[in-house]
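>>> Starting from these lines, generate the structure:
(chains A and B, ligands or ions: 3)
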Amino acid sequence: MSLDLPLIWAVVIALAVLLYVLLDGFDLGIGILFPLARSSADRDLMMASIAPYWDGDETWLVLGGGGLFAAFPGAYAVLMPAFYLPIILMLLALILRGVAFEFRARGRRRGKRLWTALFSAGSLVAAVAQGLVLGGFVHGVRVSHGAFVGGPFDWLTPYALLTALGLVAGYALLGAAWLLIKTRDALHGDARRWARTSASAVAVLLAAVSVATLVVEPQVAARWGWTGDGFDLGRLARLAPIPLLGAAGLAVLFVGLARGAQAWPFAGAAIVFLSGYLGLAAGFFPYVAPYALTFRDAANADNALGLLFGGLVVILPVILGYTAWVYWLFRGKTATDAGYH
Amino acid sequence: MATPAQGGYLWAMPLDALLLSRLQFAFTLAFHIIFPSLSIGLASFLAVLEGLWLFTKREAFQRLYLFWLKIFAISFGMGVVTGVVMSYQFGTNWSVFSKMTAGVLGPLLAYEVLTAFFLESSFLGVMLFGWKRVGPCLHFTATCLVAFGTLVSAFWIISANSWMQVPTGYALLPDGRFVARDWLAVILSPSFPQRLAHMVLAAYLSTALLVAAAAAFQIWRDRAQAESRIALRMAIGMFVVVAPLQLFVGDYAGKQLVAQQPAKLAAIEAFWDTRPAQDFHIVAWPDRARAGDDWELSLPKLGSWITTGDANATLRGLKSFPPQDRPPVAVVFWSFRVMVGLGFAMIGLGLWGGALWLRRGLERSRLFLAATMLMGPAGFAAVVAGWITAEVGRQPWVVYGLMRTRDAVSPVGVHEVQASLLAFLAVYALIFSAGVLYILRLIAQGPEAGVAEPPAPTGAPGSAFAAAPPEPTA
Ligand code: HDD
Ligand code: HEM
Ligand code: HEM
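Ligands and ions are numbered 1, 2, ... in the order given. Below is the predicted model of the structure:
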């Protein structure tokens, strides 16, 4: 077969992770913004705006993990032990966040307060844990003979703390921008303020992470044209569209916010995420376990990838289709009364 | 890797990362499987109820649907969050297993995500929140798709697990990795058909027991409760048909073990010596150190007869396996007896209920209602006992006969696994208590509550409860 299956799978998994970050990103963002809401009724509405979607959104994380296992077992077997603690932390936080959707509605006074708090804490901790994994990933893992050989806290670096902060701000921005689409009146006004604040934070943190990456990770800096005492402009120019895309996203975001637009801020935020994602990917591609295993080293047997490919071509478009249909079905503003259902 | 002494000992086994990982995997999986069992059963039950409602237009079916939908939403949510944990634990705790078996198991698990998880989770939103947005037929379609998705998911995961139990259709590479030679033989491995059937029937039985218990509770308080009378009869119909069927399928699965997993069979029946006309031990305390049983209470020749149909058949005993290849015997022996004991109790409950039904005495027998309530959680207990039989009976192998569990573990330290196991215990205790509390509270309110009250005060928008249409459509 002339198809480059490992490459196709690398793209598919990258896409699954990106979709996860964008979709569950705004769900987690809602949880991060929860403590800022004025009233319990506002929180009900915030939760209702994501309740029909969160489960489908989280499934992209399962495809990311399951896909990595199926397509790049070499990387899966290295990365999961390497990030053991933050991944377990993320799973525990996602448990609390996930059950809160039902439990918060079932609890009476004290129960409701507990699950309100745990929904929010779960969302925040999940975002932090994902940010730590991201930081640790860009930093790279220690591998020998195909197995992880580092320590339990290798991922814990100042750089990872910075990426965690950035991801929290980014998710808050997605959440606020989502609320602009789904709410009206006072909550809409609050969401606009939250979006403005988090957008500024994202702009600053994105710049900080970019600079930090270049300073801390020499191999990434070299990709971007840093020669040690100056920039190789040719190499930089090839990657320049990525930061330009980010700048365009920020422009869409800020102009949208200033003009009181409903959907443009979300689009702008999504473009910023895309640019940040591509920017990081440009630094470590073709590694799936930086900087030890490339996607070719880690790939599964050809016939396994082939079997999967058959299903992928048919099923993934169907999944995207009905996911879009569900989003379309629940379009429009979320209402507080049960009548909207 | 950590040295054993760091973590202390449990029953003379070093509490190292391996044992802790096994405990963590067993605990999280036993917890997970309770909710899929309920979700699989309820999804099909809900599809039937909605179909009956659409077809007969009887309000009682709609009320039952809306009532069990709320419990389904809780169960499904808990199934999803604990399932995500399982799929990541393959990597965090069993990275060597993952790497070695991905060539075979990877596509199966990925297909589960692609064909089942997305389907279930996307249409769940429509099922819970779509009442006002789609017509009744489309809503019914969504319910059916979710029910179908849960069964597809069971198909793939049982397929993966059955391959680990009885591997076929693979080749072993020199570096220890498995690759598939024949995908059909991998997906439909020899123990797969009976194990899938056994698991799906187990889910249906467990759910029917819970439905019956909830109905019995309502009837106990109010004999005329219309929805509960219907639900109780539907559940009894399920026991009468499915409980004996389960015995039949389980018996078939056991007979296949003679050839497929003789060590597991020997552990299940506590056969130590290889001999013809094995006894059946009703009670025994198998002692691995001594390679024999204490406290035996046995029926002669029945052991051989049950497993082969021939009372004089020769069956292998555990002593014919080297000590390092023998599974833990007492756990397997007893978990099997718990499962089978509960299975017979379910058959009995079905016969009793059926007889009362024929004599029109169902609602009047307080004893039967009490027994039904008592049996409410029995299905879940049998499911967990069954999985313990199947998985512990496979030990010391993770891929039967080919890869040992101790060679499968991740290079993580004992302290990390200690921390994660404790954290799982704490968080699962919290969500289990809350989930059970909320489900029991709903059951106590009963199917009438959901329709009589306006949804706003008890159910926030965004909860399944609020999804109930305010007025029953006649
Ligand atoms: C017989 C059935 C069965 C068994 C043995 C298992 N599961 Fe499960 N699982 C289900 C049946 C199921 C289910 C019925 O599809 C879900 C969906 C909701 C629920 O309650 O259970 C589920 C949910 C679920 C999810 C969340 C899906 C989503 O996002 O919607 C994941 C990732 C897993 N499971 C993974 C696993 C793994 C890795 C297992 C074994 C090690 C496992 N399950 C055993
Ligand atoms: C949901 C149903 C399941 C339950 C309740 C279950 C239960 C268990 C238990 C109790 C053990 C520990 C045995 C021991 O250590 O003595 C175990 C081991 C294991 N099971 Fe399962 N199992 C289930 C399904 C699966 C499936 C579907 C897979 C894979 C596709 C799987 C993979 C494993 C692995 C890798 C181990 C090795 C770790 C160990 O021995 O502890 N299990 N399981
Ligand atoms: C009534 C008589 C029953 C018999 C003879 C029986 C027999 C068996 C056997 C032999 C196994 C091991 C299969 C293997 O490892 O290959 C098994 C597993 C299992 N049993 Fe049963 N069983 C019975 C009842 C039940 C009931 C009532 C339930 C639950 C409601 C149940 C749930 C399970 C589950 C979940 C497993 C693990 C999955 C599997 O291996 O198929 N069983 N059973």
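>>> Show me where the chain has its strands.
Just so you know, I chose chain A. For chain A, the strands defined by DSSP state E cover A:143-144, A:147-148, A:287-289, A:293-294.
>>> meant chain B actually
Using DSSP E, the strands of chain B run over B:9-10, B:13-14, B:170-172, B:178-180, B:275-276, B:280-287, B:292-299, B:314-315, B:397-399, B:403-404.
>>> Just send the ones you listed back as JSON lines, with mean neighbour count too.
C-beta coordinates here come from the backbone N, C-alpha and C atoms, glycine included. Shown next, in JSON lines, are the strands of chain B (neighbours: other Cβ atoms under 10 Å in any protein chain shown):
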{"stretch": "strand B:9-10", "mean neighbour count": "12"}
{"stretch": "strand B:13-14", "mean neighbour count": "14"}
{"stretch": "strand B:170-172", "mean neighbour count": "16"}
{"stretch": "strand B:178-180", "mean neighbour count": "21"}
{"stretch": "strand B:275-276", "mean neighbour count": "12"}
{"stretch": "strand B:280-287", "mean neighbour count": "17"}
{"stretch": "strand B:292-299", "mean neighbour count": "14"}
{"stretch": "strand B:314-315", "mean neighbour count": "16"}
{"stretch": "strand B:397-399", "mean neighbour count": "22"}
{"stretch": "strand B:403-404", "mean neighbour count": "18"}
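>>> okay, these in JSON lines with mean pLDDT next?
Below are the strands of chain B laid out as JSON lines (pLDDT from 0 to 100):
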{"stretch": "strand B:9-10", "mean pLDDT": "69"}
{"stretch": "strand B:13-14", "mean pLDDT": "74"}
{"stretch": "strand B:170-172", "mean pLDDT": "93"}
{"stretch": "strand B:178-180", "mean pLDDT": "94"}
{"stretch": "strand B:275-276", "mean pLDDT": "86"}
{"stretch": "strand B:280-287", "mean pLDDT": "87"}
{"stretch": "strand B:292-299", "mean pLDDT": "83"}
{"stretch": "strand B:314-315", "mean pLDDT": "88"}
{"stretch": "strand B:397-399", "mean pLDDT": "95"}
{"stretch": "strand B:403-404", "mean pLDDT": "93"}
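>>> Of all those strands, which one comes closest to ligand 2?
strand B:397-399 (4.7 Å; Cβ to the nearest ligand atom).
>>> any bit of the closest one sitting next to chain A?
No. Judged by Cβ under 8 Å from any Cβ of the partner chain, strand B:397-399 and chain A are separated, with a smallest distance of 14.4 Å.
>>> Quickly check: that strand near ligand 2 or not.
Yes. Using Cβ under 6 Å from any ligand atom, strand B:397-399 comes into contact with ligand 2 via B:Val398.
>>> ok, A:Phe148 - contacts?
A:Ala77, A:Val78, A:Leu79, A:Pro81, A:Ala82, A:Val141, A:Arg142, B:Ser95, B:Ser410, B:Pro411 (Cβ atoms under 8 Å, 6 or more residues apart in numbering or on different chains).
>>> Need phi/psi at the last one.
Read it as B:Pro411. Here is the backbone geometry of B:Pro411 (degrees, to the nearest 10): phi -80, psi 60.
>>> gap between it and B:Phe97?
Distance, B:Pro411 to B:Phe97, by Cβ to Cβ, to the nearest Å: 12 Å.
>>> and B:Ser298, bridged to which residues?
B:His281 (DSSP bridges).
>>> Run through the residues that contact it.
Neighbouring residues of B:Ser298 by Cβ under 8 Å, 6+ apart: B:Asp279, B:Phe280, B:His281, B:Ile282, B:Ala284.
>>> hang on, the earlier thing: let me have the strands of chain B in JSON lines, extended by distance to B:Trp387.
Listed next are the strands of chain B as JSON lines, based on distance: least, Cβ to Cβ, whole Å:
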{"stretch": "strand B:9-10", "distance to B:Trp387": "20"}
{"stretch": "strand B:13-14", "distance to B:Trp387": "21"}
{"stretch": "strand B:170-172", "distance to B:Trp387": "24"}
{"stretch": "strand B:178-180", "distance to B:Trp387": "23"}
{"stretch": "strand B:275-276", "distance to B:Trp387": "30"}
{"stretch": "strand B:280-287", "distance to B:Trp387": "20"}
{"stretch": "strand B:292-299", "distance to B:Trp387": "24"}
{"stretch": "strand B:314-315", "distance to B:Trp387": "24"}
{"stretch": "strand B:397-399", "distance to B:Trp387": "15"}
{"stretch": "strand B:403-404", "distance to B:Trp387": "20"}
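>>> so which of the ones you listed gets nearest B:Phe333?
For those, proximity to B:Phe333 was assessed by Cβ to Cβ; strand B:280-287 is nearest, at 5.5 Å.
>>> Quick one: work out the angle between that closest one and strand B:292-299.
For strand B:280-287 against strand B:292-299, the angle by axes from the mean of the first three to the mean of the last three Cα atoms, to 10 degrees is 170 degrees.
>>> Distance of B:Ala43 relative to B:Thr150?
As for B:Ala43, its distance to B:Thr150 is 5 Å (criterion: Cβ to Cβ).
>>> Neighbour count: the two, which is higher?
Between B:Ala43 and B:Thr150, counted using other Cβ atoms under 10 Å in any protein chain shown, the more crowded position is B:Ala43 (28 against 23).
>>> Compute the number of surrounding residues for the residue lying closest to the more buried one once chain neighbours are set aside.
Spatial nearest neighbour of B:Ala43, excluding adjacent residues (Cβ to Cβ, 6 or more residues apart in numbering or on different chains): B:Ala147 at 3.9 Å. Close neighbours of B:Ala147, defined as other Cβ under 10 Å, add up to 24.
>>> got the contact list for B:Ala147?
Contact analysis of B:Ala147 by Cβ under 8 Å, 6+ apart lists B:Ala43, B:Ser44, B:Leu46, B:Ala47.
>>> Filter the residues you listed down to the ones in helices?
B:Ala43, B:Ser44, B:Leu46, B:Ala47 (DSSP state H).
>>> what's the closest of those to ligand 1?
Ranked by distance to ligand 1 (Cβ to the nearest ligand atom), these are led by B:Ala43 at 7.7 Å.
>>> Isn't that closest one up against B:Val152?
No. Between B:Ala43 and B:Val152 there is no contact under Cβ atoms under 8 Å: 11.3 Å.
>>> circling back: could I get the strands of chain A as TSV with mean pLDDT?
Output for the strands of chain A, formatted as TSV (pLDDT from 0 to 100):
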stretch	mean pLDDT
strand A:143-144	90
strand A:147-148	91
strand A:287-289	90
strand A:293-294	90
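>>> May I ask you to confirm that A:Gly268 is in contact with A:Gly249?
Yes. The pair A:Gly268 / A:Gly249 is scored as a contact, 5.1 Å apart, by Cβ under 8 Å.
>>> Show me the helices in the stretch 51-200 of chain B, by range?
B:59-93, B:95-112, B:118-129, B:136-165, B:183-187, B:192-221 (DSSP state H, counting those that start in this stretch).
>>> For ligand 2, which of the ones you listed is the nearest?
Of these, nearest to ligand 2 by Cβ to the nearest ligand atom is helix B:136-165, at 3.4 Å.
>>> where does chain B dip in pLDDT?
B:1-7, B:9-12, B:450-474 (pLDDT under 70).
>>> ok, which stretches of the stretch 201-350 of chain B are helices?
Counting by DSSP H, counting those that start in this stretch, the helices of the stretch 201-350 of chain B are B:226-260, B:262-269, B:302-308, B:329-358.
>>> Of these, flag the one that's most buried.
Of those, the one with the most neighbours on average (mean count of other Cβ atoms under 10 Å in any protein chain shown) is helix B:262-269, at a mean of 25.
>>> how big is the angle separating that one from helix B:136-165?
Relative orientation of helix B:262-269 versus helix B:136-165 (the same axes, to 10 degrees): 100 degrees.
>>> Please save the CA atoms from helix B:262-269 in PDB.
Only the C-alpha atoms of helix B:262-269 are listed here, as PDB (Å, rounded to 0.1, in the frame of the first residue of the first chain):
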ATOM      1  CA  PRO B 262      -7.800 -25.900  32.400                       C
ATOM      2  CA  ALA B 263      -6.000 -24.100  35.300                       C
ATOM      3  CA  LYS B 264      -8.900 -21.700  35.700                       C
ATOM      4  CA  LEU B 265     -11.400 -24.600  35.800                       C
ATOM      5  CA  ALA B 266      -9.300 -26.400  38.300                       C
ATOM      6  CA  ALA B 267      -9.300 -23.300  40.500                       C
ATOM      7  CA  ILE B 268     -13.000 -22.800  40.100                       C
ATOM      8  CA  GLU B 269     -13.700 -26.300  41.300                       C
END
